[in-house]
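Peer 1: sequence and predicted model, in that order:
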Amino acid sequence: MKISAVKGFRDVLPEESDRWNWIESTARELFTRYNYRELRLPIAEKIGLFSRSIGESSDIVEKEMYSFEDRDGSILALRPEGTASVVRAYVEHSLYVKEAVSKLFYVGPMFRRERPQKGRYRQFHQIGLEVLGRDDPAIDAEVIVLIDDLLGRLGVSQARVRISSLGDGQCRPAYREALVEFGRAHVDALCDNCRRRLEQNPLRLLDCKEEGCQAVTADAPSMDRYLCAPCRDHFDAVCAILTGEGVDYAVDQRLVRGLDYYCRTAFEIVAEGLGSQNAVGGGGRYDGLVKAMGGPEIPGVGAALGLERLAMVAGETPLHGGAEIFIAPLGADADLIAARLAHGLRRHGVAVEAESGAKSLKSHMRRADKLGVRWVVILGEQELGRGAASIRDMSAKLDFQCAIPLDSRPEDFFDGLRRLAAEPVSRPA
Ligand code: AMP
């Protein structure tokens, strides 16, 4: 019986991998330019890390975590997101002692037991970034501008940032109270989840996907009326930079992150072409998290982008630089020469595919054509006899005999090919 992959866990086949590699390398290059450095984090963590950081009443912790008992009885979880691990590592290694500001990024798989659908998987991948040690609006804006920059480089058209301010410890409690009161007044119209979480996590009301709840909360009080002056100034300063940089954004006070340590800036990036799962990424400020994880009072801001969703909305993948030369030996005797030539050229930095001498010329040509190589080096009996290959220039569709001896150094052989290409004169094969 065939064994298939687990539901919600996908294979990334070579063509898609080329795309992912392009997205990842574009992101890495950009991170370097913005002075972010990579953190490679473990995939499993103690489960308490996530219940403490993401919150007991979040969907993730309540029902989506892949957790299991290790042989020593401890309960571990496959990480559902990256921020918790970044902050754990930051505190565990006291990075704040070494540097006043840490700008970090990570790339890797995350696991959530959600209902799989287009753009939503149980193993998915995120590119994330976190800045620890800065609380000024310029850095919130920098994170968003970086993402906007990345989306531009990847040819994502029609991306838009939704942004809001969640206030802080000064002004949010009054808003929270107002929301609870509003929720209580409409409790009969709320879904079970919202009803259950109302007292504990009232901000979640605003991002409930149930139609009934959305209808009710259309009239819910809005955070912007409750923002204190410092939070208002911070938000205005973030928006001013985004405007100055030409970022397409819209203020949307319904955007929330329902956890206590999230504060001030919250944002989400939505793109067309994703269907109902239209968020490519999201992030925000989390000034209380480092302290909640046992570290000093250090502010943080960050974001995460979904790689699968980026791959769905990014422009065309630049052409993959595949093999340039195809070596076509004919007969077992030619295999040895083919191997020597192929390995020599590869060591010299040329991408080469070499086939087996057991194949026919026709089959060699068919495969070379499919690979899109520039040259086919034919090594038949005749060629071996005279000590020089026949060459087919696939782009000029020309066959010619090669004057370059088969025992020349690989670099001379390759230079010879390039010289032939520079003077494309028709020669008889
Ligand atoms: P979050 O950590 O929930 O803020 O998600 C950040 C981004 O990760 C989202 O905007 C998506 O692009 C991506 N993402 C989250 N969950 C999934 C999933 N189950 N499958 C695919 N991508 C996801």
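Peer 2: That came in fine, so what should we check first?
Peer 1: who does the closest residue in space to Ala323 that isn't next to it in sequence bridge with?
Peer 2: In space, and not counting its chain neighbours, Ala323 is closest to Glu353: 4.1 Å by C-beta to C-beta, 6 or more residues apart in numbering. Glycine gets a C-beta too; all of them are placed from N, C-alpha and C. Under the criterion DSSP bridges, Glu353 forms beta bridges with Phe326.
Peer 1: and Glu353, how far is that from Lys370?
Peer 2: Glu353 sits 11 Å away from Lys370, going by C-beta to C-beta, to the nearest Å.
Peer 1: how about residues contacting stretch 221-234?
Peer 2: 137, 140, 164-168, 170-172, 174-175, 178-179, 182, 235, 251, 253-254, 264-265 (C-beta atoms under 8 Å, 6 or more residues apart in numbering).
Peer 1: restricted to helices, list those.
Peer 2: When these are checked against helices (DSSP state H), the matches are Pro137, Asp140, Arg172, Ala174, Tyr175, Ala178, Leu179, Phe182, Phe235.
Peer 1: can you count the residues close to Arg28?
Peer 2: 15 (other C-beta atoms under 10 Å).
Peer 1: contacting residues for it?
Peer 2: So Arg28 contacts Glu38, Val107 (C-beta under 8 Å, 6+ apart).
Peer 1: am I right that it is in a helix?
Peer 2: Yes. The assignment for Arg28 by DSSP: H, G, I helix; E, B strand; the rest coil puts it in a helix.
Peer 1: need the contact partners of stretch 141-158.
Peer 2: Counting by C-beta under 8 Å, 6+ apart, 23, 26-27, 30-31, 34, 129, 131, 159, 161, 163, 237-238, 241-242, 245, 247-249, 267, 269, 271-273, 280-281, 283, 301-303, 305, 310, 313-316 sit against stretch 141-158.
Peer 1: that older thread, tell me which two of the ones in helices among the contacts of stretch 221-234 sit farthest apart.
Peer 2: Pro137 and Phe182 (29.2 Å; C-beta to C-beta).
Peer 1: narrow the contacts of stretch 221-234 to those that are buried.
Peer 2: 137, 140, 164-168, 171-172, 175, 178-179, 182, 235, 253, 264-265 (16 or more other C-beta atoms under 10 Å).
Peer 1: got the contact list for the residue in the stretch 1-150 of the chain positioned nearest to the ligand?
Peer 2: Closest residue of the stretch 1-150 of the chain to the ligand, C-beta to the nearest ligand atom: Phe124 (3.4 Å). Residues near Phe124 by C-beta under 8 Å, 6+ apart: Pro109, Met110, Arg112, Gly306, Leu307, Glu308.
Peer 1: just Lys359 next, same as before
Peer 2: Ala328.
Peer 1: any regions of this protein where pLDDT drops low?
Peer 2: Applying pLDDT under 70 to the chain picks out residues 258-260, 423-429.
Peer 1: what residues does it put near the ligand?
Peer 2: 81, 112, 114, 119-121, 124, 126, 279-282, 304, 306, 308-309 (C-beta under 6 Å from any ligand atom).
Peer 1: mind doing that once more with 5 Å?
Peer 2: Proximity of the chain to the ligand (C-beta under 5 Å from any ligand atom) is limited to residues Glu81, Glu114, Arg120, Tyr121, Phe124, Ala279, Gly281, Gly282, Ala304, Gly306, Glu308, Arg309.
Peer 1: let me have these in CSV, extended by distance to Arg40 and secondary structure.
Peer 2: Below are the residues of the chain next to the ligand laid out as CSV (distance: C-beta to C-beta, whole Å; DSSP: H, G, I helix; E, B strand; the rest coil):
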residue, distance to Arg40, secondary structure
Glu81, 16, coil
Glu114, 25, coil
Arg120, 25, strand
Tyr121, 22, coil
Phe124, 18, strand
Ala279, 25, strand
Gly281, 20, strand
Gly282, 23, strand
Ala304, 16, strand
Gly306, 19, strand
Glu308, 20, helix
Arg309, 22, helix
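Peer 1: just the buried members of those?
Peer 2: Of the residues of the chain next to the ligand, these count as buried by 16+ other C-beta under 10 Å: Glu81, Glu114, Arg120, Tyr121, Phe124, Gly281, Gly282, Ala304, Gly306, Glu308, Arg309.
Peer 1: residues contacting the third one?
Peer 2: Think Arg120. Contacts of Arg120 (C-beta under 8 Å, 6+ apart): Glu114, Gln277.
Peer 1: just use 5 as the starting number from now, easier for me
Peer 2: Sounds good: first residue 5 from here, last item Arg124.
Peer 1: distance of it from Phe115?
Peer 2: The value you get for Arg124 to Phe115, if C-beta to C-beta is used, is 13 Å.
Peer 1: which residue packs closest to the residue nearest the centre of the chain, ignoring adjacent ones?
Peer 2: The centroid of the chain falls nearest to Leu311 when counting by C-alpha atoms, centre = their mean (3.3 Å). The shortest distance from Leu311 to any residue other than its chain neighbours is 3.9 Å, reached at His129 (C-beta to C-beta, 6+ apart).
Peer 1: could you pull up phi and psi at the one you found?
Peer 2: Per-residue torsions, His129: phi -130, psi 140 (degrees, to the nearest 10).
Peer 1: hmm, who's touching stretch 72-79?
Peer 2: Counting by C-beta under 8 Å, 6+ apart, Lys50, Ile51, Ser71, Leu80, Ala81 sit against stretch 72-79.
Peer 1: please repeat the previous calculation with a cut-off of 6 Å.
Peer 2: Ile51, Ser71, Leu80 (C-beta atoms under 6 Å, 6 or more residues apart in numbering).
Peer 1: now, these that are in strands?
Peer 2: Taking DSSP state E, the ones among the contacts of stretch 72-79 that sit in strands are Ser71, Leu80.
Peer 1: neighbour count added to the contacts of stretch 72-79, as TSV?
Peer 2: As requested, the contacts of stretch 72-79 are exported to TSV (neighbours: other C-beta atoms under 10 Å):
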residue	neighbour count
Ile51	17
Ser71	17
Leu80	17
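Peer 1: domains for this structure, by residue range?
Peer 2: 18-175+231-317, 329-426 (automatic domain parsing).
Peer 1: in terms of contact, does Val377 touch Gly325 like I think?
Peer 2: No. Using C-beta atoms under 6 Å, Val377 is not in contact with Gly325; the gap is 11.3 Å.
Peer 1: and these two? Which one has more around it.
Peer 2: Val377 (22 against 8).
Peer 1: give me the three-state assignment for that one.
Peer 2: Applying three-state DSSP: Val377 is coil.
Peer 1: may I ask which helix or strand encompasses Cys217?
Peer 2: Per DSSP states H and E, Cys217 falls inside helix 215-221.
Peer 1: buried sites along that helix?
Peer 2: Here helix 215-221 shows Cys217, Val220, Thr221 as buried, counting by 16+ other C-beta under 10 Å.
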